[in-house]
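**Q** sequence first, predicted coordinates after that:
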Amino acid sequence: MHSLTPLHTFGLSARSKKLISVDNDFSILKSIDAPLWILGEGSNCVFLEDFDGTVIKVDSKGKTIKEFSDYFQLTVNSGENWHQLVCFCMQNGIFGLENLALIPGSVGAAPIQNIGAYGVELNQFIKQVVCIDIDSGEQQVLANEECKFGYRDSIFKRQLAGKVIITQVVLHIPKRWQACNHYGELAKLKQPSPEQIFAQVVAIRQAKLPDPKDIGNAGSFFKNPLVSNKHFASLQCDWPDLPCYSVDHNSVKVPAAWLIDHLGLKGKQIGGIQCHPSQPLVLTNNGTGSGAELLEMARHIQAKVESTFSIHLENEVNLIGNKGLVKL
Ligand SMILES: Cc1cc2nc3c(=O)[nH]c(=O)nc-3n(C[C@H](O)[C@H](O)[C@H](O)COP(=O)(O)OP(=O)(O)OC[C@H]3O[C@@H](n4cnc5c(N)ncnc54)[C@H](O)[C@@H]3O)c2cc1C
C-alpha cells in the first residue's frame, strides 16, 4: 500500500494499492486495471479512505514557447506547476495570466475545471488540449470549442471524465494586453500594470485563503450555485441583502459563502474538520480529520442551505472513496 496523505492538499489519511508516477511515457496506461485515479497535485481531490486501485501521478515536465506576430504560443506538459508557469510568463513579458496567479495545482488539471479567479478564466487562453485515451492509448487533440468550457466545467468533467489523461495544454496569449481589474478588490487599482495586478492577486490570496501547507484544505469546497431569476427574486423578499452576480438573462450566481455564513456555520467543527472561521466556503482538516467527518460536515451544510434557501449546493472538489468518485 502507498500513502496518499502527502499527495492531496486536504491531507486525510489514505492509501492506494498501487501508485505510479508517469513522466512522458504514457504507454503503461493500457496495462492498468480499474479502478484508476489520475492525480495532478491533489489540490482538488480528497481521498476519503483507502483507494482500492491504482493512482497515476502525472509528472511530465517541460514547455516550449513560440512567438508569432500578435500572440505567444505556449505548449506546456501536464506535470508543470500552474503558478510557476504564471511566474515564468511574468518574467518573460508574456502577460494575461496574472489574475490566475497562485491557483494551486498542475497545468494538466487546469482545463478540467477551467480554473478561474478575479474575472479571468483559463479557457480565454486555451487553443488546444492534448490527451491520451486511456483504453486505446490513442492521442486526441481537442480544440478550444470541443472542450465545452463553462464555469468550473468542461468536457473533461463530463463525457471524458476518467477516460483521458491530459498530456499537454497549448495556450495562445495575445501580445495586446488588457487589464482585467473590475473584479472585487482589484477594482481599486487604477490603470494597473500586469505586475501590479499579479502582486495584488498574490497579496489578496495570501491574506484571505488558508495555505494548505499550514492547514489541510482543497480551496472552495462548494461551487457558487446558479439560481433562476424568479427564484432569486423570491429569496430577495426574505433576504434583501443576498448578493448575486449576473450570468445570463435567466439566471444569477449566488455566493455559496454568503449562504453558509448566513446560517451561522462559520467555524463549525465536526471532529478534526472545520468550516473555516473567516472563509466559510473552505473546509479544513486540522490533521486529525477523517473522511466520515468531512462527509458529515459537507452534508450538514448542504442540508441546511437546501432547507433554508431551496438551493442545492454541489461540491467543487472531487471526493474519492475506495472505488472512485463519491456523491455528496
Ligand atoms: C487553497 C486553494 C485555492 C484554490 N483556488 C482556486 C481558484 O481560485 N480557482 C480555481 O479554479 N480553482 C482553485 N482551486 C482548485 C484547484 O487549484 C484546481 O482545481 C486545480 O486545477 C487542481 O489542480 P491539481 O493538479 O491539484 O488537480 P488534482 O486535484 O490532482 O486533480 C483534479 C481533477 O483533475 C484530474 N486530473 C488531474 N490531472 C489530470 C491529467 N493530467 N489528465 C486528466 N485528468 C487529470 C483528476 O483526476 C481530478 O479529477 C484551489 C485549491 C486550493 C487548495
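**A** Sure thing, it's come through.

**Q** residue 139 - how many residues pack around it?
**A** 13 (other CB atoms under 10 Å). C-beta here means a position set from N, CA and C on the backbone, and glycine is covered the same way.

**Q** skip the chain neighbours and tell me the closest residue to it.
**A** residue 132 (5.6 Å; CB to CB, 6 or more residues apart in numbering).

**Q** from residue 18, how far out is that neighbour?
**A** Using CB to CB, to the nearest Å, we find residue 132 at a distance of 19 Å from residue 18.

**Q** equivalent analysis for residue 38, please.
**A** Distance, residue 38 to residue 18, using CB to CB: 13 Å.

**Q** between the two, what contacts are shared?
**A** residue 55 (CB atoms under 8 Å, 6 or more residues apart in numbering).

**Q** per-residue confidence for the residue nearest to residue 139?
**A** Looking at residue 132, its pLDDT is 94.

**Q** residue contacts, whichever residue of the stretch 151-300 of the chain sits closest to the ligand?
**A** Closest contact between the stretch 151-300 of the chain and the ligand, by CB to the nearest ligand atom, is at residue 219 (2.6 Å). Residue 219 sits next to 43-44, 104, 209, 282, 316-317 when contact means CB under 8 Å, 6+ apart.

**Q** and of these, the nearest to residue 92?
**A** residue 104 (22.0 Å; CB to CB).

**Q** burial count for the closest residue to the closest one other than its chain neighbours?
**A** Using CB to CB, 6+ apart and skipping the chain neighbours, the partner closest in space to residue 104 is residue 43 (3.9 Å). A total of 20 residues lie near residue 43 under the criterion other CB under 10 Å.

**Q** follow-up on the earlier one: what residues of the one helix or strand the residue nearest to residue 139 maps to count as buried?
**A** Under the criterion of DSSP states H and E, residue 132 resides in strand 126-133. By neighbour count on 16 or more other CB atoms under 10 Å, the buried set for strand 126-133 is 126, 128-132.

**Q** same check on stretch 87-102?
**A** Buried, per 16+ other CB under 10 Å, within stretch 87-102: 87-90, 94-102.

**Q** same question for stretch 56-67.
**A** In terms of neighbour count (16+ other CB under 10 Å), stretch 56-67 has its buried residues at 56-60.

**Q** how about the helices in the stretch 201-328 of the chain?
**A** Under the criterion DSSP state H, counting those that start in this stretch, helices of the stretch 201-328 of the chain are mapped to 229-238, 256-262, 291-309.

**Q** tell me what the second one is packed against?
**A** Packed against helix 256-262 by the contact rule (3 or more CB pairs under 8 Å, 6 or more residues apart in numbering; DSSP states H and E) you find helix 291-309.

**Q** mean confidence for the helix it packs on?
**A** 98.

**Q** what is residue 72 paired to in the beta sheet?
**A** Counting by DSSP bridges, residue 72 is bridged to residue 67, residue 173.

**Q** I meant to write residue 216 there.
**A** Counting by DSSP bridges, the residues bridging with residue 216 are residue 285.

**Q** test my guess that residue 239 contacts residue 259.
**A** No - counting by CB atoms under 8 Å, residue 259 is not a contact partner of residue 239; they are 9.3 Å apart.

**Q** may I see the buried residues of stretch 78-87?
**A** Quick answer for stretch 78-87 (16+ other CB under 10 Å): 78-83, 85-87.

**Q** which pair in those has the greatest spatial separation?
**A** Top of the distance list for the buried residues of stretch 78-87 (CB to CB): 78 and 87, 17.9 Å.

**Q** would you mind listing what in the protein touches the ligand?
**A** 9, 38-45, 58, 78, 103-106, 108-110, 112-113, 115-117, 165-166, 209, 212, 217-219, 318 (CB under 6 Å from any ligand atom).
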